[in-house]
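Asks: Quick one, fold the following:
(chains A and B)
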Amino acid sequence: MLFSDNHILSTILFTPLVGAVLLCFVPRGSANASRVIGNLFGFLGLIVSLPLLWKFQANSSAAFQFVQDLAWIPSIGAHYTLGLDGLSFLLVMLTTILGPIAILSSWSAIQKREKEYYLLLLMLQTGMLGVFMSLDFVLFYVFWEIMLVPMYFLIGVWGSERRLYAAIKFFLYTLAGSVLMLLAILAIYHSRGTFDIREILLHPFTTQYGQLEKWLFWGFFFAFAIKVPMFPFHTWLPDAHTEAPTAGSVILAGVLLKMGTYGFLRFSVPMFPDAAVKYRGILVALSLVGIIYGALVCMMQKDMKKLIAYSSVSHMGFCTLGIFALTPLGLSGSIIQQINHGISTGALFLIVGVLYERRHTRLISEFGGLSTPMPNFAAVYMIVTLSSLGMPLLNGFIGEFTILRGAFEVRWQWAAWGVLGVVLGAAYLLWLYQRVMFGSVTNPANENMPDLNAREYATLLPLVFLAFWIGIYPAPLFQVLDKPVQRIVQTVNPSYYVPSAPAPPAALSAPAGTVPAAAPTRGDQSTPSNARSVNVRAVKEGK
Amino acid sequence: MVANWPAALAATQQDFPYILPEVMLAFFGLATLLTDFLLEENQKSWNAVTAMLGVVFSGISLWLLHPVASEMNLRFGGMIVIDRFFILFGFIFLAATALVILLSARYMEIEGEHGGEYYALMLFSVVGMMFLACGNDLVVLFIALETMALSFYVLTGFLRGSRRSNEAAMKYVLLGAFSSGILAYGFSILYGLSGPPGSTNLAVIAIKVAQRPSYDLFVLLALVTVSTGLFFKIAAVPFHQWAPDVYEGAPTTITAFVSVASKTASFALLLRLFLTVFWSVRHEWVPLVEAVAILSLTFGNIVAITQNNIKRLLAYSSISHVGYILLGLVAAVNIDGSLNPRGLQAVMFYLLVYAFFNTGAFAVVILLRRKGIIGDDLEDLNGLMQRNPGAAVLMLVFLLSLVGIPPTAGFLAKLMVLWALIETGHTTLAVLGVIYILPALYYYFRMVANMWVREPTDSIRPIITLAQGLALTVAVAVTLAAGIYPEPFLRLASRSLLFPFGH
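Replies: Prediction:
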């Protein structure tokens, strides 16, 4: 019953919440009971999501699978509707994997008010899963906002020195974006009489809606741009990341930022395709600025955590670049890169957490030569660094390469600037590694640093495994993404799938949803094969 | 006149059951005064029980009126009207009163002012509120308003030994009398417009006002003076100056009562007047209400940021909530002048749930009161999470609701207002409405930060008595229920509008 196709999403969604409710009854002071229940339900959340792996059908003809649809507030037409497509499937899996890892990483790091801590982490987990699963605007918005509250407390209570400032800044920034989105959602209802996301995806807003499409696009844009965060809306991120406890940073970088890119992919692009095409120049420019600026700022950082925070700005710039290239390669590369960023940056924050727990400092200058006392740590850290900077055979390469190829199809200059970002990324990550790990131990406090313990292995090794898997055999991911990406491109950039070189006007106005001329095959591992029928000129003329 | 006495008496006897809720309240109010003499100093808590009985009996009589309220049911020669609008408001008043009584017992004991008059005055003020919601006649309405206001003047100054309380009462009386005067002036103009022969009946006045030429000077004068009086009562900018002082000085229980019950009652009057008498001049009052709403939102939110006293902070924030409710009223009128039910539904829903979560927030402040500490300084909240986690969690829920974060009732209330604004094409107002959520988040979360993040400055754990616990439970249950499954509450709000408002 709980795992039937109609209920499995609800089961996944509410398992962490059940844990949170149970935690309410744990007596205060029994810290270990809280830890055990927190970890148990975190892990249970992963277990209940595993059936999705074989139940999810990548080539299903239905747009959404596992749909559950109940009337929730009939007076205003809001429904409790959950469902998954390839895009949200991957993000849900990322969330259920990173969730328990983040919870496990807190075992010894959190030494005060454990009960509330685990309660909030589990609530956060439910909120994030709800965002990715919701197919109703009101439900989506409710989850989108609910999740801000636990994050505020995670930063505010368990953060470091400037935690209050960082927490309220995070809350204010994200809320500023989301309230405008709320208006856009209400305006959609006013115009179309429904809160059903599937309905709007099926019949998107086009230029015939005139100014409304433009306003709605921007209404949604700010919410997502702040969340991603795109330059210049990124200023909350370094503060929040730096002050948050390790688990908070892992979740923040690993999952929360993906909510922004998910929003672009689910709402901004396919629902307002003409506006997306019209403004892509600005958005790509902002992404490129973010990539380069984030990377340059990383070079200047003295604080490890802040450095990784700014690297998120740079890496998420790749994701938005891929999205607004509006080509299948760009889009699927972007989604893969989102997963990669969750894995690599999540792992990087765990690594900083390992060091912080031992030394209670994050300053790069405090470390040096750590590879001598901590050889195993050095190996894991090296792999994670290489995965983050895009080394072939590791996950980062697949994502960045696909994005850059997708961008190249449209404008080679975009790819060129992106490549510069990759180079800079390698520079600051390796330089950081060099300063922290290589050389001789200069600071006596570092001489007897213990190497990784079993629990730390348990948090890091799954991520290392995933990094290798995606780097070596990413085909399953591309397969899962094939259909959703195709749907998005057909809406926003229909001329892409037209085979003949100078696209005739009739083909340009071909209705969305028609079968693409070049049916995708699944031979190619790293790229969906419909990219073979690329018609770069048609894309350029099409806008 | 004399010849009509028997007929009038017969009619009164026949109509008597229709004012039973008010009669019950008045009866138990008087009873509280009498039984107070029989109680020893340490038994004064029984006064609260007597008053509570009054509320319960009044609630039962109100419930019995429910079946006859399905259509406009005019009684006492059209002086009062029993409709669903009245029933819903009646229940809001009674619920708020019950909550405040539950909170008062311990609080007034600490204050050492545990007299029966306190509860009697509360019940008398509710009599006034009830008649405000069901009155259909200028004289009834004015007397009801003064009954309510006079009781509140006394209650505000109830802490005889406290200078702040006395000062607040003085300010309240002076400004209140002034505003009542202006309102009475407006009523007199309305009476003048209704003639000849003059009538105080709202329905008659509405017809006469509708017959006046557009932009008629007298109608506008009546509109401006009546609105001024009403804006004062609901504490809308620029007639809000009394609110922060009264909120700060009054006993905290009365602060909660003023901010919820008195405001809701004044809104009942405002809605009835604007939607019947002044409906024909809606194109004149919509811009007026719009301006007042914008001013209230702006001023309330910005000034609240700098407050360090919880009661003052809540006073300014309640001014901003008035702004939101007024925006709902603006959105009740479509561009073509027809009625937009969603706007009114939003107003009703907002008032309904606001009564619970605002009282809840004050209830937590009341918990902090103990000998020597008023508990209204932001610092008094420090480390509440460690000292009394239950209270801290409840306060968090109430504050989230006040900001408008899901899954709380406050979110739905704001959502409804914004929705109605978008439907009626007031996009700019809607944008303004959501932008002002940000300062609200900031100042409400200053309290949250003190409760959850800061370390306790003293180790005393606030105790929750059974009565207070009950009040808090009810408040939080409604706040969450109306946020997670708001359907019944929304239905209640829209059903209360099944009467011929807006022609």
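Asks: quick one: the residue positioned nearest the centre of chain A and chain B, what's the gap?
Replies: In chain A, the C-alpha nearest the mean C-alpha coordinate belongs to residue A:258, at 2.3 Å (C-alpha atoms, centre = their mean). In this structure, residue A:258 lies at 21 Å from chain B, with C-beta to the nearest C-beta, to the nearest Å as the measure. Backbone N, C-alpha and C define where each C-beta goes, glycine included.
Asks: Check which helix or strand that residue maps to.
Replies: According to DSSP states H and E, residue A:258 maps onto helix A:257-263.
Asks: do residue A:97 as well
Replies: When secondary structure is defined by DSSP H and E, residue A:97 falls within helix A:86-105.
Asks: distance between that helix and the chain's centre?
Replies: Here helix A:86-105 shows a centroid-to-chain-centroid distance of 10 Å under the convention C-alpha atoms, centre = their mean, to the nearest Å.
Asks: In that helix, which residues are buried?
Replies: Within helix A:86-105, the residues that qualify as buried by neighbour count (16 or more other C-beta atoms under 10 Å in any protein chain shown) are A:86-105.
Asks: which is the next helix or strand following that helix?
Replies: In the C-terminal direction, the helix or strand that comes right after helix A:86-105 (DSSP H and E) is helix A:114-133.
Asks: Taking helix A:114-133 as reference, get the angle to the helix holding residue A:97.
Replies: Helix A:86-105 and helix A:114-133 meet at an angle of 170 degrees, taking axes from the mean of the first three to the mean of the last three C-alpha atoms, to 10 degrees as the criterion.
Asks: Up against chain A, what does the stretch 251-400 of chain B have?
Replies: B:385, B:389, B:400 (C-beta under 8 Å from any C-beta of the partner chain).
Asks: ok, and the most crowded of those residues?
Replies: residue B:400 (27 neighbours; other C-beta atoms under 10 Å in any protein chain shown).
Asks: In contact with residue 69: list those residues for me.
Replies: No chain specified, so I'll use chain A. Residue A:69 sits next to A:79-81, A:135 when contact means C-beta atoms under 8 Å, 6 or more residues apart in numbering or on different chains.
Asks: not quite, I wanted chain B
Replies: Residues counted as contacts of residue B:69 (C-beta under 8 Å, 6+ apart) are B:82-84, B:86-87.
Asks: which ones among the residues you listed are found in helices?
Replies: The members of the contacts of residue B:69 that map onto helices under DSSP state H are B:84, B:86-87.
Asks: Return a selection command, for use in PyMOL, containing the buried ones of those.
Replies: Typed into PyMOL, the line below selects the buried ones among those, using 16+ other C-beta under 10 Å:
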select buried, chain B and resi 84+86+87
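Asks: Closest one of the ones in helices among the contacts of residue B:69 to residue B:349?
Replies: If you rank those by distance to residue B:349 using C-beta to C-beta, residue B:84 comes first, at 14.1 Å.
Asks: For the stretch 101-250 of chain A, which residues are neighbours of chain B?
Replies: Those residues of the stretch 101-250 of chain A that sit near chain B, judged by C-beta under 8 Å from any C-beta, are A:113, A:116, A:138, A:141-142, A:145-146, A:148-149, A:152-153, A:156-157, A:163-164, A:167-168, A:171-172, A:175-176, A:179-180, A:182-183, A:186-187, A:189-190.
Asks: meant to ask about chain A, not that
Replies: Residues of chain A found near chain B (C-beta under 8 Å from any C-beta) are A:28, A:72-76, A:113, A:116, A:138, A:141-142, A:145-146, A:148-149, A:152-153, A:156-157, A:163-164, A:167-168, A:171-172, A:175-176, A:179-180, A:182-183, A:186-187, A:189-190.
Asks: Of these, just the buried ones, PyMOL syntax please.
Replies: The following PyMOL selection, which keeps only the buried ones among the residues of chain A next to chain B, applies the criterion 16+ other C-beta under 10 Å:
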select buried, chain A and resi 72+73+75+76+113+116+138+141+142+145+146+148+149+152+153+156+157+163+164+167+168+171+172+175+176+179+180+182+183+186+187+189
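Asks: what helix or strand is residue B:74 on?
Replies: Following DSSP H and E, the helix or strand that holds residue B:74 is strand B:73-75.
Asks: Can you add distance to residue A:249 and pLDDT and give the contacts of residue B:69 back as JSON lines?
Replies: As requested, the contacts of residue B:69 are exported to JSON lines (distance: C-beta to C-beta, whole Å; pLDDT from 0 to 100):
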{"residue": "B:82", "distance to residue A:249": "61", "pLDDT": "89"}
{"residue": "B:83", "distance to residue A:249": "57", "pLDDT": "87"}
{"residue": "B:84", "distance to residue A:249": "53", "pLDDT": "88"}
{"residue": "B:86", "distance to residue A:249": "55", "pLDDT": "91"}
{"residue": "B:87", "distance to residue A:249": "53", "pLDDT": "91"}
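Asks: Heading C-terminal from the biggest helix by length in chain B, find the next helix or strand.
Replies: Using DSSP H to define each element, chain B has its longest helix at helix B:163-194. Past helix B:163-194, further along toward the C-terminus, the next helix or strand under DSSP H and E is helix B:202-211.
Asks: name the helices or strands packed onto that next one?
Replies: Taking 3 or more C-beta pairs under 8 Å, 6 or more residues apart in numbering or on different chains; DSSP states H and E as the contact definition, the neighbouring helices and strands of helix B:202-211 are helix B:163-194.
Asks: Most neighbours among the contacts of residue A:69, please name it.
Replies: Among those, residue A:135 has more neighbours than the rest - 27 neighbours, counting by other C-beta under 10 Å.
Asks: Quick check: the gap between that one and chain B.
Replies: Distance from residue A:135 to chain B, by C-beta to the nearest C-beta: 17 Å.
Asks: low pLDDT regions in chain B?
Replies: Scanning chain B for pLDDT under 70 picks out B:1-3, B:71, B:498-503.
Asks: Outline the domain layout of it.
Replies: For chain B, the domain assignment from automatic domain parsing gives the residue ranges B:17-174+B:239-269, B:281-498.
Asks: now those as TSV including distance to residue A:46?
Replies: Supplementary listing: the domains of chain B in TSV, determined by distance: least, C-beta to C-beta, whole Å:
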stretch	distance to residue A:46
domain B:17-174+B:239-269	44
domain B:281-498	25
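Asks: closest one to residue A:4 among these?
Replies: domain B:281-498 (23.9 Å).
Asks: How about the contacts made by the residue of the stretch 401-543 of chain A found nearest chain B?
Replies: Residue nearest to chain B within the stretch 401-543 of chain A (C-beta to the nearest C-beta): residue A:491, separated by 25.3 Å. Residue A:491 is in contact with A:201, A:204, A:269-270, A:273, A:512, counting by C-beta under 8 Å, 6+ apart.
Asks: what are the phi and psi angles of it?
Replies: phi -80, psi -40 (degrees, to the nearest 10).
Asks: which residue sits closest to residue A:399, ignoring its sequence neighbours?
Replies: Across the structure, with C-beta to C-beta, 6 or more residues apart in numbering or on different chains as the measure, the residue nearest residue A:399 apart from its sequence neighbours is residue A:337 (3.1 Å).
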